[in-house]
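1. below: sequence and its predicted model.
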Amino acid sequence: MAQENSLNYFLAAAENNNPDLLQNQNLVQVGELQTELIRAENDFQFSATSEVMLAPYFNSNGNFMEVTTTPSPNAYGYAEPVSNGALYSAQLNIAKNIFNRSQIQNLQFQNKISNRAIELSSEEIWHQLKKQVTAAYIQVYQLQLRKELLQDLIEGLKNRLEVVELLVKKGILLQSDYLLLQLEIDNRNLEMQQLENNFQSNLLSLQNAVGLEKISNDTLLAPEIPLSAELEVFLSASQQNFQEHLRPTDSLPENHSIKNLFSSSIAGKDSLFFERKYTNDSLQLIAEQQVFENKYQPQLTAYGNIGLNAVDLDQLQHNLGFSAGLRLSIPIYDGGQRSIKRQQQQLKIDNLRTRLQNQELQRNNTLESLRNQLAAIQKGLKLVSRQLQKQENILEIYKIRMLQGQVSVIDYLKMIENYRVDLETQLQMQVNFWLLQNEFNATNW
């Protein structure tokens with residue numbers, strides 16, 4: 001199980017708590033039940049029916065009102081052959097469409113493709129969610145790194161302050177030098193407080209986005225972003241491993257290095273997502289056409305019933321029986337609807353194909369741009385690393401000369417500020433590398 005302060009932990013929480021993904025899981029189950037429903041709707045259908053109907057005659061056989069099957073000639077009421085005077089019916093019915101296997105298969109195929117569309121939708125939702133959560137995590141982790149860099153700087157200044165205090169007492173440095181250094185520490189502490197506020201605010205937003213309560217350990221681990229084999233080969237050919245360009249210094253904690261950046265790759269799929277979606281969308285149009293054309297197939301229905309069907313209460317016991325039959329329906333002409341529908345579907349498929357070609361072009365152009373940006377950042381990191389090494393050497397010289405009274409505290413602080421700017425630059429380039437890598441993974445799928 002992933003540690004609660006790791007990127008994988010936040011991604012797992014996002015996957016488990018996202019309402020759209022949970023809703024799609026239920027929709028897939030609805031689709032599976034729809035398969036059973038299609039089968040049930042085309043199975044034997046049993047029903048029980050009953051009916052009692054009276055059609056009395058007035059002024060019949062000397063009676064004011066009479067229910068009979070033999071009314072007198074001068075009676076008033078429905079014609080006897082139409083109503084028989086009454087109806088007493090209680091039947092058990094059965095019906096079954098036969099020779100409709102292909103129609104059932106068309107309906108089930110359409111349902112299967114619809115379910116696949118939901119699965120692809122879940123895959124796309126999760127992919128975008130993963131991209132967004134990873135980017136948010138990187139931004140929070142960047143604030144954490146900035147805090148740690150600033151804390152290292154403050155600790156170094158405090159150490160210098162103690163030495164400067166002794167030198168002031170010995171008359172080697174001025175009291176103003178001590179106050180100036182103390183002011184710099186106060187300013188950095190204020191900056192630290194602002195960074196801490198931003199860090200906590202962004203961390204809370206990240207937790208809300210993935211549906212998590214406050215985590216017990218808010219010191220995040222370095223993001224482990226998988227690198228595709230194709231991109232790893234490209235970057236390796238462009239420059240040496242990214243880790244080799246990080247400067248060897250104690251200013252950054254151990255977990256700031258990207259040890260596992262190139263250690264894993266995403267397993268490739270048989271096809272890219274937009275290709276799989278194009279295939280499924282095309283199959284949906286084909287399935288829709290097949291279901292539409294179900295009505296052009298001959299419909300043969302077998303039916304039967306058994307029970308009571310009488311018009312005279314006195315003869316009920318003689319009116320028990322059964323009936324059976326076949327009903328055949330053959331469509332002949334519908335005004336050319338089938339041809340029109342096929343033309344519509346073909347135009348829709350042409351639209352899908354055009355969109356597929358456009359998506360492929362955009363994807364290739366975006367990936368090429370991302371590759372070049374990542375390669376440029378690697379080269380920039382190498383230059384910044386060399387620059388930091390030089391500044392470390394100069395800082396060491398300035399520190400010794402300041403303690404000897406040969407360099408002012410102001411000049412020393414200027415060198416520290418230049419060094420800090422380059423540290424921030426290196427950090428920002430490292431973060432940009434992660435963000436571009438995340439963007440590359442989000443595009444190359």
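-> Yep, that arrived.
2. for the residue lying closest to Gln3 once chain neighbours are set aside, what is the enclosing helix or strand?
-> The spatially closest residue to Gln3, leaving aside those adjacent along the chain, is Tyr9, at 6.0 Å (Cβ to Cβ, 6 or more residues apart in numbering). Placement of C-beta: from N, CA and C, glycine included. Using DSSP states H and E, Tyr9 maps to helix 7-17.
3. relative to the whole chain's centre, how far out is that helix?
-> 12 Å (Cα atoms, centre = their mean, to the nearest Å).
4. now do the following helix or strand past that helix: which elements does it pack against?
-> Going down the chain from helix 7-17, the next helix or strand is helix 19-41, by DSSP H and E. With contacts defined as 3 or more Cβ pairs under 8 Å, 6 or more residues apart in numbering; DSSP states H and E, the packing partners of helix 19-41 are helix 101-169.
5. tilt between the helix it packs on and helix 19-41?
-> 170 degrees (axes from the mean of the first three to the mean of the last three Cα atoms, to 10 degrees).
6. which secondary structure elements does helix 101-169 contact?
-> Judged by 3+ Cβ pairs under 8 Å, 6+ apart, the packing partners of helix 101-169 are helix 7-17, helix 19-41, helix 175-210, helix 273-292, helix 337-403, helix 409-443.
7. which other helices and strands does the fifth one contact?
-> What that stands for is helix 337-403. Checked by 3+ Cβ pairs under 8 Å, 6+ apart, helix 337-403 has helix 101-169, helix 229-238, helix 273-292, helix 409-443 packed alongside it.
8. gap between the shortest one and the chain center?
-> Same thing as helix 229-238. 28 Å.
9. show me what counts as buried in that helix.
-> Neighbour counts using 16 or more other Cβ atoms under 10 Å place 231-232, 235 of helix 229-238 among the buried residues.
10. rewinding a little: which of the residues in the helix holding Tyr9 are classified as buried?
-> 7, 9-11, 13-15.
11. what's the answer for stretch 29-42, then?
-> Result for stretch 29-42 [16+ other Cβ under 10 Å]: buried residues 31, 34, 38, 42.
12. and these, which is closest to Ile400?
-> For those, the closest approach to Ile400 (Cβ to Cβ) belongs to Gly31, at 74.7 Å.
13. isn't the closest one up against Ile113?
-> No. Gly31 lies out of contact with Ile113 (Cβ atoms under 8 Å); the separation is 9.9 Å.
14. count of neighbours near Gln23?
-> When neighbours are counted by other Cβ atoms under 10 Å, Gln23 registers 14.
15. which one is the most centrally placed residue in the chain nearest to, not counting chain neighbours?
-> Nearest to the geometric centre of the chain sits Ile125, at 1.3 Å (Cα atoms, centre = their mean). Leaving aside its sequence neighbours, Ile125 sits nearest to Asp20 (Cβ to Cβ, 6+ apart; 5.1 Å).
16. what's the answer for Ser89, then?
-> Glu51 (4.4 Å).
17. surely that neighbour is within a strand?
-> Yes. Counting by DSSP: H, G, I helix; E, B strand; the rest coil, one finds Glu51 located in a strand.
18. and it, how far is that from Ala324?
-> Relative to Ala324, Glu51 is positioned 20 Å away (Cβ to Cβ, to the nearest Å).
19. any low-confidence regions in the protein?
-> 1-2, 237-270 (pLDDT under 70).
20. between the helices and strands packed on helix 337-403, which one is nearest to Gln207?
-> helix 101-169 (9.7 Å).
21. what about the strand or helix carrying Arg327, distance to the chain center?
-> Assigned by DSSP H and E, Arg327 falls within strand 320-329. Centroid separation between strand 320-329 and its chain, computed with Cα atoms, centre = their mean, is 53 Å.
22. can you list the residues that contact it?
-> 298-309 (Cβ atoms under 8 Å, 6 or more residues apart in numbering).
23. keep only those of these that are in helices.
-> Among those, no member falls in helices (DSSP state H).
24. isn't the residue nearest to the centre of the chain up against Asn24?
-> Yes. Contact criterion Cβ under 8 Å: Ile125 and Asn24 qualify, at 7.2 Å.
25. who touches both of those two?
-> Common neighbours of Ile125 and Asn24, using Cβ under 8 Å, 6+ apart, do not exist here.
26. domains for the chain, by residue range?
-> 7-42+100-297+337-443, 47-99+298-332 (automatic domain parsing).
27. tell me which of the ones you listed is the most buried.
-> With neighbours taken as mean count of other Cβ atoms under 10 Å, those reach their highest mean count in domain 7-42+100-297+337-443, at a mean of 16.
28. now it, how far from the centre of its chain.
-> With Cα atoms, centre = their mean as the basis, the mean position of domain 7-42+100-297+337-443 lies at 16 Å from the chain mean.
29. between the two ends of it, how far is it?
-> One end of domain 7-42+100-297+337-443 sits 20 Å from the other (Cα to Cα, to the nearest Å).
30. same thing with stretch 94-110?
-> 28 Å.
31. right, and Met402 touches Leu413 too?
-> No. Under the criterion of Cβ under 8 Å, Met402 makes no contact with Leu413, lying 9.7 Å away.
32. against the centre of this structure, work out the most remote residue.
-> In the chain, by Cα atoms, centre = their mean, Gly62 is the one farthest from centre (82.6 Å).
33. fine by me, thanks again.
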